[in-house]
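Trainee: Fold the following and give me the result.
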Amino acid sequence: MVKEEFDKLLEVGFIRPMETIEWVSPVVLALKRNGKLKVCVNYKALNKVIKKDRYPLPFCEEILEEVAGHEMYTFGIGYRGLVSQP
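Mentor: Got it, this is the predicted structure:
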């Protein structure tokens, strides 16, 4: 049953064989309500070794709230983080 699921994923190109596995995240199989298997990836091991982004990008909702109500918004304003109140 598990081999069949992996063969399907290999066939469509969703997964591929890897020669080195030092950074690859383990695969976890979960049972769906309909009795079929769902292949999930456990990224905890990868998250432990990855460099953290000190300056993550804001969420789209935050950006839209910030620029809402302004007649004009330029790249320079966005780059410097300057938004004046309307």
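Trainee: Please make it C-alpha for all contacts and neighbour counts, starting now.
Mentor: Noted.
Trainee: Could I get the contacting residues of the residue most central in space within the chain?
Mentor: Centre of the chain computed as the mean C-alpha position; nearest residue by CA atoms, centre = their mean is Y43, 10.3 Å away. By CA atoms under 8 Å, 6 or more residues apart in numbering, the residues touching Y43 are S25, P26.
Trainee: Contacts only, for the closest residue to E5 other than its chain neighbours.
Mentor: Beyond its immediate neighbours in the sequence, the residue positioned closest to E5 (CA to CA, 6 or more residues apart in numbering) is L37, lying 7.3 Å away. Taking CA under 8 Å, 6+ apart as the contact definition, L37 lies against V2, E5, L29, A30, L31.
Trainee: how much space between V41 and H70?
Mentor: Distance, V41 to H70, by CA to CA, to the nearest Å: 42 Å.
Trainee: shaky segments in the chain?
Mentor: By pLDDT under 70, the low-scoring segments of the chain are 1, 20-23, 73, 75-86.
Trainee: Can you list the buried residues in the lengthiest helix in it?
Mentor: Taking DSSP state H as the criterion, the chain has its longest helix at helix 2-12. Neighbour-count burial for helix 2-12, with 16 or more other CA atoms under 10 Å as criterion, is recorded at no position.
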